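1. predicted model and sequence follow; I will ask about them next.
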Number of protein chains: 2
Amino acid sequence: MINRNSPATIDDVARHAGVSISTVSRVLNRNVPVSEEVVAKVEEAMRALRYTPRAAARNLATSRTNTLGLLLAEIVGDFFSPLLSGIESVAAQHGYDLLISTAGRRGPQNQLPGPFHKHNADGLLIFAGSLSDDGVRDTHSLGVPMVLLHQTPPDGLPVPCVTIENKAATRAIVEHLIVSHKRRRIVFLTGEPNNEDGSWREMGYREALTHHNIPIEPALIAPGHFDRHIAQTSIEQLLRDGIEFDGVFAGDDEAAVGVYAALRNAHLKIPDDVSVVGFDDQSLARVLQPALTTVHVPIDQVGIEATRRLMQLIQNEPTEVLTLLPTTLVIRASCGCPE
Amino acid sequence: MINRNSPATIDDVARHAGVSISTVSRVLNRNVPVSEEVVAKVEEAMRALRYTPRAAARNLATSRTNTLGLLLAEIVGDFFSPLLSGIESVAAQHGYDLLISTAGRRGPQNQLPGPFHKHNADGLLIFAGSLSDDGVRDTHSLGVPMVLLHQTPPDGLPVPCVTIENKAATRAIVEHLIVSHKRRRIVFLTGEPNNEDGSWREMGYREALTHHNIPIEPALIAPGHFDRHIAQTSIEQLLRDGIEFDGVFAGDDEAAVGVYAALRNAHLKIPDDVSVVGFDDQSLARVLQPALTTVHVPIDQVGIEATRRLMQLIQNEPTEVLTLLPTTLVIRASCGCPE
DNA sequence: AGCGCTTCTGCAAGCGCTTTCATAGTTATA
DNA sequence: TATAACTATGAAAGCGCTTGCAGAAGCGCT
């Protein structure tokens, strides 16, 4: 075997097999008939030379990258693995690779990060909080196929968006507290200011209260930011301020952990003294004692659906602009129901 | 603005700025002096045409991809986010993008998956369970820079490996059970058969027992596979078989969740009746009641160190073959210590 | 003015592949 | 048997960028 320094190219294979490079290319792509005999020869040559085509060259020639870009705010939490695994599976199914990048702690960017500059990925998946409205507008105007996750496009731009049903589920879980457990003073822990999921959940909360003629009390609305420490601090503050409450909608499960801690430190019993509910149905919801009543979010489906939409976009097929995935109530014990 | 269908190329920029494409390239790369005046003209042109260079063309010309490949068995669990976030941060620092692929449920592969075929990434990070020993040998012989995570290379191949200290930490936590809590019949839940972390932990367990003259009882060693359901089933089986024990090393925190569930169902008190300890210090360790005594694993550091090693390899700098990251005992309440 | 330097810029040759077009070889049809 | 109609293959022109080489200025010297 001729072990040259640099890896084999299509030329080497062609020479070894005694055919032209066009033929090798055709064996590689199988888009045009090639005789059995030649295929065998070429494949043998490829094996002998340990040939693998170089992606860059194909990309340049075809002006396609077979790569999807995933842009995230940051890589954290229970959320992330199922989302990514959903995305990866669909991308792989379609023969696409996945390039990942984060906006990091700098917050939403106006510019796409380097890896995703135009034509370095065939399409983009943009997760909430990673690209500003201006950035979305800009990228869209460049004609890059993209879909937004957990974030709606600005100005009604026709950019597909995949997210989950927040409002009705929140309303349902809060009404469960009101109707089944006779709670009247229910704390609402907010998401971060610009978080759309959080805003919708707050609307659901308000609807539930209003529908049952319970006045909305600003003192019961405190920051949670989907963070256990912030949530814990908020609850401790309410307790210290002597504000009474008999229920808590934590914003999400992660925040519920903080609520549990604050309540435990104050020697308050869940659910006897206070009902607590979360949102997301993360794997820790089952682990908490008492088990957390929450809303199940099909986060892997978000990844799957978003990637499907993106594939359609790339293939110029029509696709829905808004995909709202259903969420479902998961009653466990923290609301007061028997386990 | 001339809005042609296809995006601007370096030629368009050169024409617009009245210079040659070489000059544009040099402005792009800043590797050769270019006069201020020309730089300004070119940058203006790039802005006007919304030019962004095409990665494929650069890659082809330079025969570098500026991309790192990350190969995983599957994307699951608490493990994954910090690992990836560590990797991503170092890669980004060095100007590298991250391409992700999973071996999926098919288990370790002999072949690299498509995206990573030679020269489609400048280097590879291979996580335990994603590439077989043959695959590692093969890829290494191709001269692809690579580092292994949580997996040692076969045949003492000089492939850098980054993993964590398992044995001493396991021995320490088991000895803690023996010495501080007078446990004598300690269950060991294993990892999956070929998991190296699991094997080292088992050695640490055996050492601890032997050192304290406690006979090793095969009946106390059962499968845990770092999975809460398998762990729960194993504990339930032991209980059903009437095998007595006063302590459990669960293998990892995830398995500890299953142990908690089994014990709770059997109305056994942790830590009064049985001490339970885990490994990893996942975020749920603090959430369990009682809080889980475990071993802290710096998983983000594994990602960071591995990526650093890979960068050194790519730059032909010398690098360590084995990096063993330290783990530390985290005493909480599940062993019997006061919280 | 002429010389050698140094700086900056342009020319042109690739990088490794795909793909159009033309051609040689085969088979079917009249 | 001549002709049309395919079929499998090859030649060659790109895809958009980098970079070695050479040439053109500009500079300080002699």
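-> Now that the structure is in, tell me what you want to look at.
2. what about residue A:284, neighbour count?
-> Residue A:284 is flanked by 22 other residues according to other CB atoms under 10 Å in any protein chain shown. All C-beta spots, glycine's among them, are computed from the backbone N, C-alpha and C.
3. could you check how far it is from residue A:266?
-> According to CB to CB, to the nearest Å, residue A:284 and residue A:266 sit 21 Å apart.
4. contact residues of chain A facing DNA strand C?
-> A:6, A:9-11, A:21-22, A:24-26, A:28-29, A:31, A:51, A:53-54, A:57-58, A:60-62 (CB under 7 Å from any atom of the strand).
5. of those, just the buried ones, PyMOL syntax please.
-> Here is the PyMOL command that selects only those of those that count as buried (16 or more other CB atoms under 10 Å in any protein chain shown):
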select buried, chain A and resi 9+10+24+25+26+28+51+53+54+57+58+60
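6. how about the most centrally placed residue in chain A: what's its closest non-neighbour residue?
-> Nearest to the mean C-alpha position of chain A, by CA atoms, centre = their mean, lies residue A:83 at 4.8 Å. Once flanking residues are discounted, residue A:83 sits nearest to residue A:303: 4.4 Å by CB to CB, 6 or more residues apart in numbering or on different chains.
7. checking my notes, that neighbour in a strand, right?
-> No - under DSSP: H, G, I helix; E, B strand; the rest coil, residue A:303 falls outside any strand and is assigned helix.
8. for it, grab the count of nearby residues.
-> As a burial measure, residue A:303 scores 26 neighbours (other CB under 10 Å).
9. contacting residues for it?
-> By CB atoms under 8 Å, 6 or more residues apart in numbering or on different chains, residue A:303 lies in contact with A:82, A:83, A:84, A:85, A:86, A:87, A:90, A:149.
10. tell me the angle the helix or strand encompassing the third one makes with helix B:80-93.
-> Read that as residue A:84. For residue A:84, the host element (DSSP states H and E) is helix A:80-93. Relative orientation of helix A:80-93 versus helix B:80-93 (axes from the mean of the first three to the mean of the last three CA atoms, to 10 degrees): 70 degrees.
11. quick one on the thing from earlier: just the ones in strands from the residues of chain A next to DNA strand C, please.
-> Using DSSP state E, no member of those falls in strands.
12. from the residues of chain A next to DNA strand C, pick out the ones that also neighbour DNA strand D.
-> Among the residues of chain A next to DNA strand C, the residues lying close to DNA strand D (CB under 7 Å from any atom of the strand) are A:21, A:22, A:26, A:57, A:60, A:61.
13. which of those lies closest to chain B?
-> Set against chain B, the nearest of those by CB to the nearest CB is residue A:60 (4.3 Å).
14. so the closest one sits against residue B:53, correct?
-> No - here residue A:60 does not reach residue B:53: they are 11.9 Å apart, not a contact under CB atoms under 8 Å.
15. what does the stretch 151-300 of chain A put close to chain B?
-> Residues of the stretch 151-300 of chain A found near chain B (CB under 8 Å from any CB of the partner chain) are A:257, A:260, A:283, A:284, A:287, A:288, A:289.
16. nearest residue to the second one in space, please, no chain neighbours.
-> For residue A:260, ignoring the flanking residues on the chain, the nearest one in space by CB to CB, 6+ apart is residue A:288 at 6.1 Å.
17. on the three-state scheme, the one you found is what?
-> When classified by three-state DSSP, residue A:288 comes out as coil.
18. look up phi and psi at it.
-> When read as degrees, to the nearest 10, the backbone of residue A:288 gives phi -60, psi 150.
19. and it, what does it touch?
-> Counted by CB under 8 Å, 6+ apart, residue A:288 has contacts A:256, A:257, A:260, A:334, B:287.
20. in helices, which of those residues fall?
-> Counting by DSSP state H, the part of the contacts of residue A:288 found in helices is A:256, A:257, A:260.
21. output these as CSV; include the columns pLDDT and distance to residue A:277.
-> Output for these, formatted as CSV (pLDDT from 0 to 100; distance: CB to CB, whole Å):
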residue, pLDDT, distance to residue A:277
A:256, 98, 7
A:257, 97, 13
A:260, 98, 12
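22. what about the residue in the stretch 201-339 of chain A that DNA strand D sits nearest to, neighbour count?
-> Using CB to the nearest atom of the strand, the single residue of the stretch 201-339 of chain A nearest to DNA strand D is residue A:314, 17.8 Å away. For residue A:314, the neighbour count with other CB under 10 Å is 15.
23. just residue A:36 next, same as before
-> Residue A:36: 7 neighbours (other CB under 10 Å).
24. what of residue A:128?
-> As a burial measure, residue A:128 scores 19 neighbours (other CB under 10 Å).
25. from chain B, how far out is it?
-> Going from residue A:128 to chain B by CB to the nearest CB, to the nearest Å gives 17 Å.
26. cool, residue A:191 as well?
-> Residue A:191 sits 19 Å away from chain B, going by CB to the nearest CB.
27. mind checking pLDDT for the nearest residue to that residue once chain neighbours are set aside?
-> Closest residue to residue A:191 apart from its sequence neighbours, by CB to CB, 6+ apart: residue A:198 at 2.1 Å. You'll see residue A:198 listed with a pLDDT of 97.
28. does DNA strand D sit close to stretch A:137-154?
-> No - Stretch A:137-154 lies out of reach of DNA strand D by CB under 7 Å from any atom of the strand, never closer than 14.0 Å.
29. using PDB, write out every CA atom in that stretch.
-> Provided in PDB are the C-alpha atoms of stretch A:137-154 (Å, rounded to 0.1, in the frame of the first residue of the first chain):
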ATOM      1  CA  ARG A 137     -35.000  39.900  10.900                       C
ATOM      2  CA  ASP A 138     -31.600  40.200   9.500                       C
ATOM      3  CA  THR A 139     -30.900  36.500   9.100                       C
ATOM      4  CA  HIS A 140     -34.400  36.000   7.600                       C
ATOM      5  CA  SER A 141     -33.800  38.700   5.100                       C
ATOM      6  CA  LEU A 142     -30.700  36.900   4.000                       C
ATOM      7  CA  GLY A 143     -33.000  34.100   3.000                       C
ATOM      8  CA  VAL A 144     -31.500  31.500   5.400                       C
ATOM      9  CA  PRO A 145     -34.000  28.800   6.300                       C
ATOM     10  CA  MET A 146     -34.700  29.000  10.000                       C
ATOM     11  CA  VAL A 147     -37.100  28.000  12.700                       C
ATOM     12  CA  LEU A 148     -37.500  29.500  16.100                       C
ATOM     13  CA  LEU A 149     -38.000  27.500  19.300                       C
ATOM     14  CA  HIS A 150     -40.000  28.800  22.200                       C
ATOM     15  CA  GLN A 151     -39.900  32.300  20.700                       C
ATOM     16  CA  THR A 152     -42.300  33.900  18.200                       C
ATOM     17  CA  PRO A 153     -40.900  35.900  15.300                       C
ATOM     18  CA  PRO A 154     -41.000  39.700  15.500                       C
END
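30. picking up where we left off before, who's in contact with the residue of the stretch 201-339 of chain A closest to DNA strand D?
-> Neighbouring residues of residue A:314 by CB under 8 Å, 6+ apart: A:122, A:123, A:145.
31. now swap in residue A:324 and tell me
-> Applying CB under 8 Å, 6+ apart, the residues near residue A:324 are A:163, A:164, A:165.
32. nice, that's everything, thank you.
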